[in-house]
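# Kindly return the folded structure for what I paste below:
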Amino acid sequence: MEKISDPQLNLAGFDYTAGRRAFMRTLGLGAAGAALLSAAGGPVNAQTATVGAAEVFNFALNLEYLEAEFYLRAAFGRGLADADISGTGTLGAVTGGRQVTFATPLIQGYANEIADDEEKHVRFLRAILGGSRVARPTINFVDSFNALARFSGLGNTFDAFANETNFLLAAFVFEDVGVTAYKGAAPLIRNNEFLEAIAGILAVEAYHAGLVRTVLASRGLFQQAQAISDLRDFFDGPSDLDFGIGTSARPDLVPTDSNSIAISRTPAQVLAIVYASGTAQPGGFFPNGLNGAVR
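Numbers count the residues shown, from 1 in each chain. The predicted structure is shown next:
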């Protein structure tokens, strides 16, 4: 595999002074970052490879492709533009997804805003990566949600786009994973400028997750949310990292540790969930796997 060097990162997406831009070109990852990334089961070897920042941001880009395609289809009935999906690796198609017929204008407004946020995240990461960015991998919103429904006991099939309740439950599958993935990536970033960017995206994803949790709780969907939480916890390994939304008597807005610090997931744990396999074997939302080094 040809390694991606940090100088290939395109920093035009940052509104910083020229001096700070030059400084950011030194961004890299330490040995601990290489070890954590290698745990994802991809071709990165912690003993022999130097993992660059591009690998981290491309891993994030794959996940942002997933979220953007889900929300854009649900909110607007469209996916990402052709100009926003090209790159290295195999460009894949998206199966499933359509505009949701929202019954509640406020939920429609939330969906529109989240879709816009995720589309901008894709464009932001692609701008940073420049010619090193990966293409959108194959994404499946049909078989993946059906499999998750069967695993969690929610039924044999699950149409995430059938109505706004299904949309919210499907969004719950993604949002907490996104927050914990960015939290887990934070220690891998050695440069403060890029750490700030990761923190900024994490904050937006956390707002999304808190919103989805709150609306689900307001609709009394505690049992369904718990089933999704249990499934994520089953896939990501023996540790108890996940939380449902509690109960009406004691709602749980934020999944945290005993110190009320948001939990983290390694790339391997994130892959185990989005692949719906508990392993690094492709499947679930990414039937052919991610593009890039961490897959």
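
# I'd like to know which elements the biggest helix by length in the chain is packed against.
The residue-count maximum for a helix in the chain (DSSP state H) belongs to helix 192-218. Packing contacts for helix 192-218, counted by 3 or more Cβ pairs under 8 Å, 6 or more residues apart in numbering; DSSP states H and E, involve helix 18-24, helix 53-76, helix 105-129, helix 164-185, helix 222-235. C-beta here means a position set from N, CA and C on the backbone, and glycine is covered the same way.

# any weak-confidence spans in this protein?
Applying pLDDT under 70 to the chain picks out residues 1-52.

# Any chance of a markdown table for the helices and strands packed on helix 192-218, columns distance to Ala147 and mean neighbour count?
As requested, these are exported to a markdown table (distance: least, Cβ to Cβ, whole Å; neighbours: other Cβ atoms under 10 Å):
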| stretch | distance to Ala147 | mean neighbour count |
| --- | --- | --- |
| helix 18-24 | 41 | 13 |
| helix 53-76 | 15 | 25 |
| helix 105-129 | 23 | 19 |
| helix 164-185 | 12 | 23 |
| helix 222-235 | 10 | 19 |
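
# can I get these in CSV with distance to Leu271?
Listed next are those as CSV, based on distance: least, Cβ to Cβ, whole Å:
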stretch, distance to Leu271
helix 18-24, 28
helix 53-76, 9
helix 105-129, 18
helix 164-185, 10
helix 222-235, 9
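
# for these, which one sits closest to Ala293?
Of all those, it is helix 53-76 that lies closest to Ala293, at 4.5 Å by Cβ to Cβ.

# I'd like the distance from the closest one to the chain centre, please.
Centroid separation for helix 53-76 versus its chain: 6 Å, with Cα atoms, centre = their mean, to the nearest Å.

# re earlier: for the helices and strands packed on helix 192-218, which one sits closest to Gly92?
Nearest of the helices and strands packed on helix 192-218 (Cβ to Cβ): helix 53-76, 9.3 Å.

# Remind me what that closest one packs against, helices and strands.
Helix 53-76 is packed against helix 31-38, helix 105-129, strand 139-140, helix 164-185, helix 192-218, helix 267-274, with contacts defined by 3+ Cβ pairs under 8 Å, 6+ apart.

# For Phe76, which of the ones you listed is the nearest?
helix 105-129 (6.3 Å).

# what does that closest one contact?
8-14, 54, 57-58, 60-61, 64-65, 67-68, 71-72, 74-76, 80, 84, 87, 100, 102, 133, 164, 167-168, 171, 197, 201, 204, 208, 211, 215 (Cβ atoms under 8 Å, 6 or more residues apart in numbering).

# can you rerun that using 6 Å?
Residues from elsewhere that reach helix 105-129 (Cβ atoms under 6 Å, 6 or more residues apart in numbering): 9-10, 12-13, 54, 57, 61, 64, 67-68, 71-72, 74-75, 84, 102, 133, 164, 201, 204, 208.

# just so I know, which of the helices and strands packed on helix 192-218 lies nearest Ser258?
Per Cβ to Cβ, nearest to Ser258 of these: helix 164-185, 15.9 Å.

# Now do that closest one and helix 53-76, the angle between them.
170 degrees (axes from the mean of the first three to the mean of the last three Cα atoms, to 10 degrees).

# got the CA positions of helix 164-185 in CSV?
Taking C-alpha atoms only, helix 164-185 is exported to CSV below (Å, rounded to 0.1, in the frame of the first residue of the first chain):
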residue,chain,number,x,y,z
GLU,A,164,-40.5,9.8,11.1
THR,A,165,-40.5,7.4,14.0
ASN,A,166,-38.5,4.8,12.0
PHE,A,167,-36.2,7.6,10.9
LEU,A,168,-35.5,8.7,14.4
LEU,A,169,-34.7,5.1,15.5
ALA,A,170,-32.4,4.7,12.5
ALA,A,171,-30.7,8.0,13.4
PHE,A,172,-30.1,6.6,16.9
VAL,A,173,-28.1,3.8,15.4
PHE,A,174,-25.7,6.3,13.8
GLU,A,175,-25.4,9.2,16.2
ASP,A,176,-23.9,7.7,19.3
VAL,A,177,-21.4,5.8,17.2
GLY,A,178,-20.3,9.0,15.5
VAL,A,179,-19.7,10.7,18.8
THR,A,180,-17.7,7.9,20.3
ALA,A,181,-15.7,7.4,17.1
TYR,A,182,-14.6,11.1,17.1
LYS,A,183,-13.9,10.9,20.9
GLY,A,184,-11.8,7.8,20.3
ALA,A,185,-9.9,9.5,17.5
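
# Provide a list of residues in contact with the closest residue to Gln269 other than its chain neighbours.
Once flanking residues are discounted, Gln269 sits nearest to Asp236: 4.1 Å by Cβ to Cβ, 6 or more residues apart in numbering. With contact set as Cβ under 6 Å, 6+ apart, Asp236 has these partners: 269, 272-273.
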